[in-house]
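Participant: Coordinates for the following, if possible.
(2 chains)
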Amino acid sequence: AQSVTQLGSHVSVSEGALVLLRCNYSSSVPPYLFWYVQYPNQGLQLLLKYTTGATLVKGINGFEAEFKKSETSFHLTKPSAHMSDAAEYFCALDTGNQFYFGTGTSLTVIP
Amino acid sequence: GAVVSQHPSWVICKSGTSVKIECRSLDFQATTMFWYRQFPKQSLMLMATSNEGSKATYEQGVEKDKFLINHASLTLSTLTVTSAHPEDSSFYICSAEARGINNEQFFGPGTRLTVL
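Facilitator: Coordinates of the predicted model:
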């Protein structure tokens, strides 16, 4: 069965600290993986995506994610958190037939 | 980049009335559009998938007679919440899959529906 699991519904980091948001997936077909960010009362904004090729994907706002097939993971990282990074983050899996969203991780940045 | 708009962005209505939400792909043709519902502090739940010119495919548990979806053209899909009730209050988000751009959905900004 296809699924996406985001570990930790809430993550707090200090400003300037490393951001690590975890995402694991289950897919019977080669996955296309996405990270989206959602600010309050707004839609989803694509941060980055993995389709094929390079497993380390760089996105907007300094975020990057690495696709690790052996670990079925696609964790999102940013070296130094900024206050403006506070938002809800969703990992998503596309199998070609359907999108599967994780339950989301709320990121709080502490000044 | 591909832009998807939704209208209205926020609507408040009385219980029992019907509300129509529009989803438009502004600069590309969308073969498929998706409607999601999001409750506060929760993830997106896929409600239905619509393809231009054909009937929408609803996810299990979604009442197709209550949530009417019309995908009349390659740039427009509408979701009508019929006889709305307070429990229908939610954030509704559409997305569009661009023809020729594989496996990427472009999301609209969402519509907040409040039913009094």
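Participant: So which residues make contact with the helix or strand of chain B with the lowest mean pLDDT?
Facilitator: For chain B, the helix or strand with the lowest mean confidence is strand B:105-107, at a mean of 86 (criterion: mean pLDDT, DSSP states H and E). Strand B:105-107 is contacted by residues A:36, A:43-46, A:94, A:99, B:1-4, B:25, B:28, B:34, B:93-98 when judged by Cβ atoms under 8 Å, 6 or more residues apart in numbering or on different chains. For the C-beta atoms, the positions are set from N, CA and C on the backbone; glycine is no exception.
Participant: Emit the ChimeraX select command for whichever of these are buried.
Facilitator: If you want just the buried ones from the contacts of strand B:105-107 in ChimeraX, going by 16 or more other Cβ atoms under 10 Å in any protein chain shown, the selection is:
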select /A:36,43,44,46,94,99 /B:2,4,25,28,34,93,94,95,96,97,98
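Participant: Of the contacts of strand B:105-107, which belong to helices?
Facilitator: Applying DSSP state H to the contacts of strand B:105-107, no entry is found in helices.
Participant: got any ranges where chain B has weak pLDDT?
Facilitator: In the predicted model of chain B, residues B:1, B:99-103 satisfy pLDDT under 70.
Participant: And the strands in it?
Facilitator: Secondary structure of chain B (DSSP state E): strands at B:4-7, B:10-13, B:19-25, B:30-38, B:44-51, B:57-58, B:67-73, B:76-81, B:90-98, B:105-107, B:111-115.
Participant: what's around residue A:11, how many residues?
Facilitator: 18 (other Cβ atoms under 10 Å in any protein chain shown).
Participant: Equivalent analysis for residue A:84, please.
Facilitator: 9.
Participant: Same check on residue A:31?
Facilitator: Neighbours of residue A:31 under the rule other Cβ under 10 Å: 24.
Participant: What separation do you get for it and residue A:77?
Facilitator: For residue A:31, the distance to residue A:77 (Cβ to Cβ, to the nearest Å) stands at 19 Å.
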